[in-house]
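1. Build me a model from this:
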Amino acid sequence: MHTLDLSPVESRKQLLSKLAVDAYQIRRYALRMGEVQGQGYIAQALGIADMLAVAYGHALSYRRDDPKWEGRDRFLLSHGHYAIGFYAALILAGILPEDELETYGSDDSRLPMSGMASYTPGMEISGGSLGHGLAIGVGMALALRHKENPAFVYVSMSDGELDEGAVWEAALSAAHHGLGRLINLVDINNQQADGPSSKVLGFEPLADKWQAFGWHVQEVDGNDLEAVLDAFDRARHLEGDQPRVILLRTHMGCGVDFLEAREKNHFIRVDEHEWQQAIEYLDAQHQGAQA
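-> Purely as a prediction, here's the structure:
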């Protein structure tokens, strides 16, 4: 069988094209799940779709048919209410079957509205209590190092979790122990249940804070797929024992204009006709980008 030799530039273009399709599909799956309940943390799922596409479509080592494979990279969803987006990524990765999508949030479903490790293959922790994911990630990274397992530990968390002191204790511990295979992903959408995150408890200058805590810091537009891809690659291939953090500034509802425009979209209810409208808009945007 003849294989086509691609230049690095051509290969990168193909990868970005694939990841763009992945991000679109994650958003579409999330909208379909949201329609089942008529409400949910849809805006967050749309906002982090690009990050999840890069994670599961490029960066992470995993086996779709063996979610507990010891050599896998661990992906910890600290913000458990983002589960709807995470399930979409697991469906795309082939870890969950697409036909379970319609069970989202229902009794006896493996897809509860907040992520729970005991229910869902591929879900490493139960993340409903915010502010603990990074500490768990530190423990996992230490354990893997003691076992001489070279797997990476990724922690996905929200800017609202930065209000919790445990996050900063974990950040100090990670730097102290030189956990260079720990990568923290902070979704900065400036929105939490009580209002704008920056007004609930100001956290800027955030990059300077993480750097002062001993971390290697990158700050990117979380909805710029190429920038996210580059940040993941740099974090993974960086030499040394510094833990790494990627600050992802995202837009809630990204990909669906009328959801992006909502002033309060931490937890949203969408009218019945709007679900199909959102999917049609997303489809049109994707088709236009592919043309």
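2. Can you find the helix or strand in this protein with the smallest mean pLDDT?
-> strand 268-269 (a mean of 73; mean pLDDT, DSSP states H and E).
3. Mind giving me the packing neighbours of that strand?
-> Contact analysis of strand 268-269 by 3 or more CB pairs under 8 Å, 6 or more residues apart in numbering; DSSP states H and E lists strand 39-40 as its packing neighbours. For the C-beta atoms, the positions are set from N, CA and C on the backbone; glycine is no exception.
4. Please name every helix or strand in contact with the next helix or strand after the strand it packs on.
-> Next in sequence after strand 39-40, counting helices and strands by DSSP states H and E, comes helix 42-47. Packed against helix 42-47 by the contact rule (3+ CB pairs under 8 Å, 6+ apart) you find helix 8-37, helix 83-93, helix 257-260.
5. Which of those sits closest to Ser126?
-> Smallest distance to Ser126 across these (CB to CB): 10.0 Å, for helix 83-93.
6. and Leu96, how many neighbours?
-> Residues near Leu96, counting by other CB atoms under 10 Å, number 24.
7. Pull the contacting residues for it.
-> Residues in contact with Leu96 (CB atoms under 8 Å, 6 or more residues apart in numbering) are 87, 90, 110-111, 120-122.
8. what's the closest non-adjacent residue to Ala88?
-> Nearest residue to Ala88, sequence neighbours excluded (CB to CB, 6 or more residues apart in numbering): Tyr29, at 3.6 Å.
9. Mind pulling up the pLDDT for that neighbour?
-> pLDDT for Tyr29: 95.
10. Equivalent analysis for the one 3 residues further on, please.
-> On the pLDDT scale, Arg32 is placed at 92.
11. How much space separates it from Pro121?
-> 19 Å (CB to CB, to the nearest Å).
12. Please apply the same query to Gly80.
-> In terms of CB to CB, Gly80 sits 16 Å off from Pro121.
13. where along the chain do the strands fall?
-> 39-40, 74-77, 153-158, 182-188, 216-221, 244-249, 268-269 (DSSP state E).
14. Which one of these has the poorest average confidence?
-> Among these, strand 268-269 carries the lowest mean pLDDT, at a mean of 73.
15. and that strand, which strands flank it?
-> strand 39-40 (antiparallel) (DSSP bridges).
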